[in-house]
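>>> Compute the structure for the input listed below.
(one chain, ligands or ions: 1)
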Amino acid sequence: MTTLLVSQRNFESHVTPSGHPERPDRLRAIEQIMEQPQFAGLVRRDAPFADLMLADLVHSPSYLERLRNARPAEGIGQIDEDTFISSGSLDAASTALGAGLAALEAVVLGEADNAFCAVRPPGHHAEAETPMGFCLVNTIAIVAREAQRKHGAERVAIIDFDVHHGNGTQDIFKDDGSVFYASSHQWPLYPGTGRPSETGVGNIVNATLPAGSDGTVMREAYETLVFPALEAFAPDILLISAGFDADHRDPLAQLNWVPADFAWVTRQLMEIAERTSSGRIVSLLEGGYDRNGLATGVAAHVGALMGAAA
Ligand SMILES: [Zn+2]
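This next block holds a predicted model:
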């Protein structure tokens, strides 16, 4: 297995207020654990800048202009109660997107079997009209559209195992049967969307997990709800919104996943991708706010992508 790790040199350009859970140190924790010997076989690339005008593919025409207007010349501006934009935030958003697009291209061209992008800010809460939930631009949604527009994919699947529902991704694709979106998330929890009854045009699956539940409950939800629908959809490429805030140590949620659970869901997705998508997987970091929970979850996920044994 050739696994590509795309990292973001300018991840510190996106500054959030002191004490904010979505902080640059998250990516330092990932950088550190990716230096361990078992990750020596990764192909590593720095994220290039991407044209943020590509946001127009999934966001409303005025969206980027509104973000630019909200961006302060210096310091930190506030978009909503918990979403902030600093002078360098759009530079970071640009390389987060550049990472996703570079990973997509490498996987489509067969230079890598799969890829993980260690990037911030996250994206899956950003709706067509509204940045929210620490998210400025919906990176994975743009990557999905580029898979179709630039690389000829007809059917794209996005699996989101972040502990929060990816309301933004659902909002963007709820009327588009060419994109499948499945999310597992703690329920109830922010942002309050993601009921099982929200099914789009038959292309949306929402698996709700009760607070306090562990990997056993998660595995049953995936085996009964997510995997059969994903397999039936048969995507040309599989994208993952990889959040690690379902970890038992995470301060923003109350699920009890352990690193082996992240490895398990990754391996299952790889098996389905092998059957439907020539194994092509591009994974993008979303949440994960406990330093060790994030690092060990990413290690389990990337280790699985590399084909490490259970
Ligand atoms: Zn989250």
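>>> From here on, just use CA atoms for contacts and neighbour counts.
Noted.
>>> can you pull out the strands in the stretch 51-200 of the chain?
Remark: strands assigned in the stretch 51-200 of the chain by DSSP state E, counting those that start in this stretch are 76-80, 83-86, 114-118, 156-160, 179-186.
>>> Direction included, what does the second one pair against?
It refers to strand 83-86. strand 76-80 (antiparallel) (DSSP bridges).
>>> How about residues contacting the strand it pairs with?
With contact meaning Cα atoms under 8 Å, 6 or more residues apart in numbering, strand 76-80 is reached by 15-17, 70-71, 84-87, 131-132.
>>> The ion: which of those residues is nearest?
The ion has its nearest neighbour among the contacts of strand 76-80 in Met132, at 11.8 Å by Cα to the ion.
>>> Hmm, Ala126 and that closest one touching each other?
Yes: under the criterion of Cα atoms under 8 Å, Met132 makes contact with Ala126 at 5.5 Å.
>>> who has more neighbours, those two?
Ala126 (27 against 22; other Cα atoms under 10 Å).
>>> dump the residue contacts of Glu223.
Not one residue lies near Glu223 by Cα under 8 Å, 6+ apart.
>>> Surely it is in a helix?
Yes: counting by DSSP: H, G, I helix; E, B strand; the rest coil, one finds Glu223 located in a helix.
>>> Check the gap between it and Gly202 for me.
Per Cα to Cα, to the nearest Å, Glu223 is found 18 Å from Gly202.
>>> do Thr95 as well
33 Å.
>>> and these two? which has more neighbours close in?
Taking other Cα under 10 Å, Thr95 and Gly202 do not tie; Thr95 has more neighbours (27 against 14).
>>> how far does stretch 38-57 sit from the chain's center?
Centre-to-centre, stretch 38-57 and its host chain are 13 Å apart (Cα atoms, centre = their mean, to the nearest Å).
>>> ugh, wrong one, stretch 263-270
15 Å.
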